[in-house]
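Trainee: Quick one, what's the 3D model for this:
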Amino acid sequence: MKTIIEPFRIKSVEPIRMTTREERAALIRAADYNLFTLDADDVLIDLLTDSGTGAMSAEQWAAVMRGDESYAGSPSFHRFRDAVQNLAPFKHVIPTHQGRAAEAILFDIFGGPGRMIPSNTHFDTTRGNIEASGATATDLVIDEGRDPASLHPFKGNMDIARLDAYLAQHGEAVPCVMLTITNNAGGGQPVSLENIRAVAATARAHGKPFFIDGCRFAENAWFIKQREEGQSGRPIPEIVRDCFREGDGMTMSAKKDAFGNIGGWLAVNDDDLAEEARAHLIRTEGFPTYGGLAGRDLDALAQGLVEIVDEDYLRYRIRTNEYIIEKLDALGVPVVKPAGGHAVFIDARAWLDHIPPTEYPGQALAVALYELAGVRSCEIGTVMFGRQPDGSELPAAMDLVRLAFPRRTYTQSHADYIIEAFEELAGMKDSLTGFRITWEPKLMRHFTCKFARL
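Mentor: A predicted model of the protein is given here:
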């Protein structure tokens, strides 16, 4: 059959409070035009993030009831650790309450003034944790990864030549090499297994440990299976293991590709690094066998790691984004192509070309989408990445609007509603105006800054 249906049945529903366009205009104005500040009850379709917003399965809810809340040595931890190591065979698995906590521990150890940390594209919390330590975060994605219209199958790849030159030039200042799969800030684009191996080999050649930000590892493995030569006949878990075998460690937000509403981990092979990380964990998160999580959460994540590598689920997941991208492309809406794993990305800079980057076209589009249709999205552009460590501002590489789809949460009717919203936005886009920031914090300003419409 041509139609790929949701590979699940709905067992419980949550009502949506329907709002009018006039109500939403007042609500977003009261929120200083920052979509993060809106109450969730005031949103019809919430695509702000796919992090922790998915629906858990019946088996996960059953696992919640098996959760053991012992402070130390809980059997829930052992089930969690074994599930992680089945896919990511690192020696030490250190649970945290979410991915940014794992990043905070890692960069408390590896960061610091004068340090420089390369990646394909650091996402917001990774960059924030690096910069909070006084270190510099550098993006080395391939050129195609900065071109929304490029059809390169692995636009998340790191530029190996630039990485090699970077390590040769800054070697003593570089404590580790990072790689994000999939490359969220670059449009949810995948990284090939060949590139993962090349990054690992380059890091080893310069004597640097290699860490993978693996929060969407299963989606990345699906793209490897579909797009990379020699991978089509292989099981997804086998591809996942091959990806992680190249690393010396990983950070993980289990709120993505582990179907968790909370949770994460730091995994490493080095004994001394693990000991130091556990010391940080005990000080800030909790004992090493719970790491800021309840036992029931650990059990839910263990079950989620079984379900995430199901190919029927992954086929449906990726097809949802492909469907919306095909429809938007037909409407003339510029989108990042080819389809990424977890989200649809609109090229706001190209679509609203009358709004300069420093007036935040991505924010203008995101606000308009909420006012018109009640859909909450996320700007990934100059608001998120334009502010420099010295306080100056430069246009980001791209100004995108991300529609991040929670896992197993919305249906095709919701997708069709979103497409209709963009069809109506197409007729009014030239009348949209930009924004200015009236207040912002020193780090990760997009979460809490305030805007005024120009």
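Trainee: from here on, contacts and neighbour counts on C-alpha atoms
Mentor: Will do.
Trainee: Name all residues that make contact with the nearest residue to residue 430 once chain neighbours are set aside.
Mentor: Counting by CA to CA, 6 or more residues apart in numbering, residue 352 is the residue found nearest to residue 430 once chain neighbours are left out, at 6.9 Å. With contact set as CA atoms under 8 Å, 6 or more residues apart in numbering, residue 352 has these partners: 361, 365, 429-430, 432.
Trainee: let's go with 7 Å and repeat that
Mentor: 361, 429-430 (CA atoms under 7 Å, 6 or more residues apart in numbering).
Trainee: Now it: phi and psi?
Mentor: When read as degrees, to the nearest 10, the backbone of residue 352 gives phi -110, psi 60.
Trainee: and residue 211, that's in a strand?
Mentor: Yes. Read with DSSP: H, G, I helix; E, B strand; the rest coil, residue 211 is one of the residues of a strand.
Trainee: Now the one helix or strand residue 437 maps to: buried residues?
Mentor: If you go by DSSP states H and E, residue 437 is part of strand 435-439. Judged by neighbour count using 16 or more other CA atoms under 10 Å, the buried positions of strand 435-439 are 435, 437.
Trainee: ok, that strand: who's next to it in the sheet?
Mentor: Sheet pairing for strand 435-439, assigned by DSSP bridges, gives strand 450-453 (antiparallel).
Trainee: Quick check: mean pLDDT of the strand it pairs with?
Mentor: The average pLDDT for strand 450-453 rounds to 97.
Trainee: Dump it to CSV, keeping only the CA atoms.
Mentor: In CSV, the C-alpha atoms belonging to strand 450-453 read as follows (Å, rounded to 0.1, in the frame of the first residue of the first chain):
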residue,chain,number,x,y,z
LYS,A,450,11.4,39.5,25.1
PHE,A,451,10.5,40.9,21.7
ALA,A,452,8.7,43.9,20.2
ARG,A,453,7.2,43.9,16.8
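Trainee: Could you pull out the buried residues of it?
Mentor: 450-451.
Trainee: contact partners of it?
Mentor: For strand 450-453, using CA under 7 Å, 6+ apart, the contacting residues are 32-34, 434-440.
Trainee: now that strand, how far from the centre of its chain.
Mentor: Mean-position distance between strand 450-453 and its chain equals 26 Å (CA atoms, centre = their mean, to the nearest Å).
Trainee: Look up the closest residue to the spatially most central residue of the chain, ignoring the ones flanking it.
Mentor: Centroid-nearest residue in the chain, with CA atoms, centre = their mean: residue 184, separated by 4.7 Å. In space, and not counting its chain neighbours, residue 184 is closest to residue 123: 6.8 Å by CA to CA, 6+ apart.
Trainee: which residues in this structure form strands?
Mentor: 45-46, 92-96, 116-119, 136-139, 177-180, 210-213, 249-253, 264-268, 343-347, 375-376, 378-380, 400-404, 435-439, 450-453 (DSSP state E).
Trainee: Averaged pLDDT, the fifth one. What do you get?
Mentor: Taken as a whole, strand 177-180 carries a mean pLDDT of 96.
Trainee: same thing with the fourth one?
Mentor: Averaged across strand 136-139, pLDDT comes to 94.
Trainee: Now do that strand: which elements does it pack against?
Mentor: Applying 3 or more CA pairs under 7 Å, 6 or more residues apart in numbering; DSSP states H and E, we find strand 136-139 packed against strand 116-119, helix 124-132.
Trainee: Tell me the strands beside the first one, with direction?
Mentor: It stands for strand 116-119. When pairs are called by DSSP bridges, strand 116-119 turns out to pair with strand 136-139 (parallel).
Trainee: how distant is the partner strand from the center of its chain?
Mentor: Relative to its chain's centre, strand 136-139 lies at 17 Å (CA atoms, centre = their mean).
Trainee: C-alpha coordinates for it, PDB please?
Mentor: The C-alpha trace of strand 136-139 is given here as PDB (Å, rounded to 0.1, in the frame of the first residue of the first chain):
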ATOM      1  CA  THR A 136      34.600  28.200  22.400                       C
ATOM      2  CA  ALA A 137      32.200  26.100  20.400                       C
ATOM      3  CA  THR A 138      33.000  25.800  16.700                       C
ATOM      4  CA  ASP A 139      30.800  24.400  13.900                       C
END
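Trainee: So what touches that strand?
Mentor: Residues from elsewhere that reach strand 136-139, judged by CA under 7 Å, 6+ apart: 115-122, 127, 130-131.
Trainee: quick one: which of these is nearest to residue 348?
Mentor: Of all those, residue 348 sits closest to residue 121, with 19.1 Å by CA to CA.
Trainee: how near is the closest one to residue 362?
Mentor: Using CA to CA, to the nearest Å, residue 121 is found at 19 Å from residue 362.
Trainee: What segments of the stretch 201-350 of the chain are helices?
Mentor: 217-227, 236-245, 271-284, 295-307, 311-330, 348-351 (DSSP state H, counting those that start in this stretch).
Trainee: Let's have the ones you listed in TSV, adding distance to residue 59.
Mentor: Converted to TSV, these look like this (distance: least, CA to CA, whole Å):
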stretch	distance to residue 59
helix 217-227	19
helix 236-245	20
helix 271-284	29
helix 295-307	7
helix 311-330	15
helix 348-351	40
